[in-house]
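Undergrad: mind folding the following:
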Amino acid sequence: MDWTSTGCIVHASSRTGSDQQGALHLEIVRATNQMQSAKFGEMPTHGQARLNVQTAFGREVGGDEIAWWVNRSAADLEQFTAATAKALDALQRLMQDSRTLRREYEATTYEQLIEDLRRFCDEHREDIEIFAAFVEWLGQRHPMAPSILFTYRVWGNTRIGDRSFATPDGVAETDDVLLKSAEYPLGLRGRLMLTAREVELEISAAIADSVDPEYGAGAGIIQYDLIRQRVALEVLTRFVTYFEQLRDSCREILGEANKQAVLESLLDDEGFWCALIADVIARDPIETQWWDLKETLEMWHAKGDARQDAETHFVERAAAFANAEGGVFLIGVSDKPRLMKGVSDAENKIKHLMSVFDARTNLPSSSIRVAAVRCADPAGALVTCVVVAVARTPLPVYVSDKQNRFTYPVRRGPGLERRADGPLREIKSKQPQVQDWEFLRHLTAAERSFTPPADTA
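TA: Sure, this is the predicted structure:
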């Protein structure tokens, strides 16, 4: 049977909905191929073979393109979330209506199936254009950003492989290129061949296997009505799956963005910090991997060399948070007994803190959040405490002392250990290469256990 009549999808004179599907899929696959090329490079070995190795960019992205992009988009997270939500709504409608088409479809000819797919895309052109605008918006922000719609996290290796193809640099969007690109989202083509041909071969193989050798291979008869029905079902199932996976990708993106937004909001939430301080005082737990109490900082009171030593001592502990999982200092709370003492002249002391960070460490300013919070003590009086939150950093953070010697501290439970740059850099190279505030999750009311995690380094 001739399965090559798919040329009716593309019209050179005007772009149809199905034609636009081809252009969209081409852009997503091209971005994904660029992402994979940028994440891995080839390293020659002693023989002819070349070994794929992770690049610096690959370490930045890690194994999760969605989380990478959401972290990059933190500055305009609200706009990013709104754009994703609009695309999600359009994809939800496309998925639901494609399911209806599959459920109610009555197979006729292969040509009619293709025409019905083209008609569906034309009738849903508005939603396809909404999604197209989102893909274009992503691509304008970063050429590889559309790849977040086509990730292992959502699609898995098999579904990605079934809808991928080579996209050499400089390939023009000709009718032939758009035709082939459109065949994947429309469900007409799989990894190796047209879907119809796959179904025909599967049915032929099943018939051949069922023939009794005693009566000869010629006894099998291919029923082309059955093939047409099976082809229509398989094509429409793949068509639905494409919209489902794109819909799920947008859901994952929104979930990651909302997670990031919640964490970012906690950093500026005075109520959150005051509740944490009150809980620490009331429950009297031991200090953990993620938080440290300080009645005051010695560097605010010491003089001369003692002051420089005290500055190094504190900055080491901040760097230790950055080199582990991140963490926070709650300053103005005594340890034994647990009391809210507060910090006087907090504004000038915060300025001193920030100048010490600038002078003694390579800790990025974006990885530090310092704030004065006014909390009610048990008697109801307002007391000013200082919160110093430190993000986990993608690269090692060092501290230099007055002799210009460098140390690389790492937080371990309530203490720290010092490591060499090389081993620490190796550990961090295996982690996502973006800063994160994930430690805040352990400090929310729902997760607060005050139990240090196992040492995973």
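Undergrad: which ones are touching residue 162?
TA: Neighbour list for residue 162: 184, 190-191 [criterion: C-beta atoms under 8 Å, 6 or more residues apart in numbering]. Heads up, the C-betas are built off the backbone N, CA and C, glycines and all.
Undergrad: so which of these wins on neighbours?
TA: residue 184 (23 neighbours; other C-beta atoms under 10 Å).
Undergrad: so where do the strands sit in the stretch 251-400 of the chain?
TA: 291-294, 327-331, 333-334, 339-340, 368-376, 382-390, 399-400 (DSSP state E, counting those that start in this stretch).
Undergrad: of those, flag the one that's most buried.
TA: Highest mean neighbour count of the strands of the stretch 251-400 of the chain: strand 327-331, a mean of 24 (counted as mean count of other C-beta atoms under 10 Å).
Undergrad: need the mean per-residue confidence for that one.
TA: What strand 327-331 shows for mean pLDDT is 91.
Undergrad: helices or strands up against it?
TA: If contacts are counted by 3 or more C-beta pairs under 8 Å, 6 or more residues apart in numbering; DSSP states H and E, strand 327-331 sits against helix 270-283, strand 291-294, helix 304-322, strand 382-390.
Undergrad: for residue 334, see how far away the nearest residue to residue 419 once chain neighbours are set aside is.
TA: Here the nearest residue to residue 419 in space, its sequence neighbours aside, is residue 408; by C-beta to C-beta, 6 or more residues apart in numbering that works out to 5.0 Å. Between residue 408 and residue 334 the distance is 30 Å, computed by C-beta to C-beta, to the nearest Å.
Undergrad: repeat for residue 431
TA: 35 Å.
Undergrad: residue 131 now?
TA: Residue 131 is 57 Å from residue 334, by C-beta to C-beta.
Undergrad: could you do residue 141 as well?
TA: Residue 141 is 48 Å from residue 334, by C-beta to C-beta.
Undergrad: how about residue 63?
TA: 43 Å.
Undergrad: burial count for residue 79?
TA: 11.
Undergrad: low-confidence ranges, the stretch 51-200 of the chain, go.
TA: Scanning the stretch 51-200 of the chain for pLDDT under 70 picks out the ranges 51-52, 59-60, 62, 73-75, 170-172.
Undergrad: try it again with 90
TA: Along the stretch 51-200 of the chain, the parts satisfying pLDDT under 90 run over 51-78, 106-110, 153, 167-180, 200.
Undergrad: please apply the same query to the stretch 301-450 of the chain.
TA: In the stretch 301-450 of the chain, residues with pLDDT under 90: 301-313, 324-325, 333-343, 345-346, 353, 355-369, 376-381, 383, 391-408, 412-450.
Undergrad: quick one, strands of the stretch 1-150 of the chain?
TA: 40-44, 50-54.
Undergrad: now do the contacts for the residue nearest to residue 419.
TA: Residue 408 neighbours (C-beta under 8 Å, 6+ apart): 319, 323, 396-399, 418-421, 424.
Undergrad: quick one: it is in a helix?
TA: No: assigned with DSSP: H, G, I helix; E, B strand; the rest coil, residue 408 falls outside any helix and is strand.
Undergrad: from residue 200, how far off is it?
TA: In terms of C-beta to C-beta, residue 408 sits 63 Å off from residue 200.
Undergrad: next one: residue 80
TA: Distance, residue 80 to residue 200, using C-beta to C-beta: 44 Å.
Undergrad: neighbour-wise, which of those two wins?
TA: residue 80 (24 against 19).
Undergrad: got the angle for the longest helix along the chain vs strand 327-331?
TA: Longest helix in the chain, counting residues (DSSP state H): helix 224-267. In terms of direction (axes from the mean of the first three to the mean of the last three C-alpha atoms, to 10 degrees), helix 224-267 departs from strand 327-331 by 20 degrees.
Undergrad: what about helix 224-267, distance to the chain center?
TA: 16 Å (C-alpha atoms, centre = their mean, to the nearest Å).
Undergrad: okay, the helices and strands packed on strand 327-331 in JSON lines with distance to residue 349 next?
TA: Output for these, formatted as JSON lines (distance: least, C-beta to C-beta, whole Å):
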{"stretch": "helix 270-283", "distance to residue 349": "17"}
{"stretch": "strand 291-294", "distance to residue 349": "11"}
{"stretch": "helix 304-322", "distance to residue 349": "12"}
{"stretch": "strand 382-390", "distance to residue 349": "7"}
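Undergrad: residue 152: which of the ones you listed is closest?
TA: Nearest of the helices and strands packed on strand 327-331 to residue 152, taken as C-beta to C-beta: helix 304-322 at 29.0 Å.
Undergrad: what's that closest one packed up against?
TA: strand 327-331, helix 346-360, strand 382-390, strand 399-400, strand 406-412, strand 415-419.
Undergrad: one more time with 6 Å, if that's ok
TA: helix 346-360, strand 382-390, strand 399-400, strand 406-412 (3 or more C-beta pairs under 6 Å, 6 or more residues apart in numbering; DSSP states H and E).
Undergrad: wait, which of the ones you listed is closest to residue 19?
TA: strand 382-390 (50.3 Å).
Undergrad: strand partners (parallel or antiparallel) of that closest one?
TA: Each strand paired with strand 382-390, and its direction, by DSSP bridges: strand 327-331 (antiparallel), strand 368-376 (antiparallel).
Undergrad: follow-up on the earlier one: closest one to residue 160 out of the contacts of residue 162, please.
TA: For the contacts of residue 162, the nearest to residue 160 is residue 191 (9.9 Å; C-beta to C-beta).
Undergrad: what's the domain layout of the protein?
TA: Structural domains assigned to the chain are 6-264, 268-443, following automatic domain parsing.
Undergrad: how about TSV for the strands paired with strand 382-390, with distance to residue 224 added?
TA: TSV is the format used below for these (distance: least, C-beta to C-beta, whole Å):
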stretch	distance to residue 224
strand 327-331	68
strand 368-376	68
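Undergrad: between the ones you listed, which one is closest to residue 359.
TA: Using C-beta to C-beta, the strands paired with strand 382-390 put strand 368-376 closest to residue 359, at 13.6 Å.
Undergrad: next, the angle from that closest one to helix 304-322.
TA: For strand 368-376 against helix 304-322, the angle by the same axes, to 10 degrees is 100 degrees.
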